[in-house]
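Engineer: sequence plus predicted model, see below.
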Amino acid sequence: MTDHNHKYQAMFLLDNEEVRQGFNAARDWVRTTLEKHGLQVHVLRLWGERQLAYPIGGRRRATYVLGWLEGSGDAVNNARRELYLLGPVFRCMFLEQGEIPAEEMSQGIPEMADADLVIPEELDDDLAEEMREGPEQEEEASSEESAEEGKEEEGKEKSSEEGEAKADSEEDKKETATTGGTSNGN
Amino acid sequence: MATKNSRQFDYKDIESLQVYLTGQGKLLSAKRTGLSAREQRRLKRAVKYARFLALIPYTG
């Protein structure tokens, strides 16, 4: 049963630290490992370099390599075991597929210069947190400033209102005084 | 065999998968997605593959 050949789609997550030393070297290591265990590699190409949705073993980014292979289930199991033990691969997945799409077959194993793949530096946890918290703190500071300004304005308004009230009461007094004066005069 | 109108889901097509996920990263029910049972199973498998490869988070 396991000797029966199947076609597989495979995705490999490569450690960026190792890919920085050379993408082609890392990919060739994966290819030789797969072929060593009797798998026929039809396609092995860069799928992308991207941020992980959750950290894996302290890694926040990874290089994804997509492959289309042909071989037995035993070969896949043995290759997977070695991939996890050695080399740049820290996660991989093999999916059995009926056919290899013609578009993928045409891509094969493309040669690319190591310099073509630019991998951004991973930030330290503390620095990343600071980067994340930075704008929030600024916003908080600005909101505090605006709150203080608001208070000051309120204070000014209150003082101006109090002043106006005092002025009104004085005017009332004057009015009463004038009215009183007139009444008294009359 | 897949019928003509049945949808296929690819774990690499993250944008199309995220349409069927909540903000927390949970898969919507078939009642909400409006997919058939077979399509919902395909969607479930694709989401689980994508989660395993850290393309989408397990939780929001």
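Structural biologist: Great, that's in hand.

Engineer: C-alpha only now, for contacts and for neighbours.
Structural biologist: Noted.

Engineer: any low-confidence regions in the chain?
Structural biologist: If you meant another chain, say so; for now it's chain A. Scanning chain A with the threshold set as pLDDT under 70 gives A:1-2, A:123-186.

Engineer: oops, wrong one, chain B.
Structural biologist: B:1-4.

Engineer: how about the strands of it, start to end?
Structural biologist: Shown for chain B, no strands are assigned by DSSP state E.

Engineer: cool, chain A as well?
Structural biologist: Here chain A has its strands, by DSSP E, at A:6-14, A:40-56, A:59-71, A:89-97.

Engineer: quick one: closest of those to chain B.
Structural biologist: Across the strands of chain A, chain B has its closest neighbour in strand A:40-56 (4.9 Å, C-alpha to the nearest C-alpha).

Engineer: and that closest one, anywhere near chain B?
Structural biologist: Yes: judged by C-alpha under 8 Å from any C-alpha of the partner chain, strand A:40-56 comes into contact with chain B at A:52-54.

Engineer: list the contacts of that strand.
Structural biologist: A:27, A:31, A:34-35, A:59-71, A:104-105, A:107-110, A:119, B:54-57 (C-alpha atoms under 8 Å, 6 or more residues apart in numbering or on different chains).

Engineer: any chance of a markdown table for the strands of chain A, columns mean neighbour count?
Structural biologist: Listed next are these as a markdown table, based on neighbours: other C-alpha atoms under 10 Å in any protein chain shown:
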| stretch | mean neighbour count |
| --- | --- |
| strand A:6-14 | 22 |
| strand A:40-56 | 17 |
| strand A:59-71 | 22 |
| strand A:89-97 | 17 |
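
Engineer: what's near enough to touch residue A:76?
Structural biologist: A:34, A:37, A:39, A:94.

Engineer: do the same with residue A:97
Structural biologist: By C-alpha under 8 Å, 6+ apart, the contact list for residue A:97 reads A:6-9.

Engineer: can you put these in TSV and add distance to residue A:45?
Structural biologist: Shown next, in TSV, are these (distance: C-alpha to C-alpha, whole Å):
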residue	distance to residue A:45
A:6	20
A:7	16
A:8	14
A:9	12
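
Engineer: ok, of the residues you listed, which one's closest to residue A:88?
Structural biologist: Nearest to residue A:88, judged by C-alpha to C-alpha, of the contacts of residue A:97 is residue A:9 at 19.0 Å.

Engineer: what bridges to that closest one?
Structural biologist: On the basis of DSSP bridges, residue A:9 is bridged to residue A:68, residue A:95.
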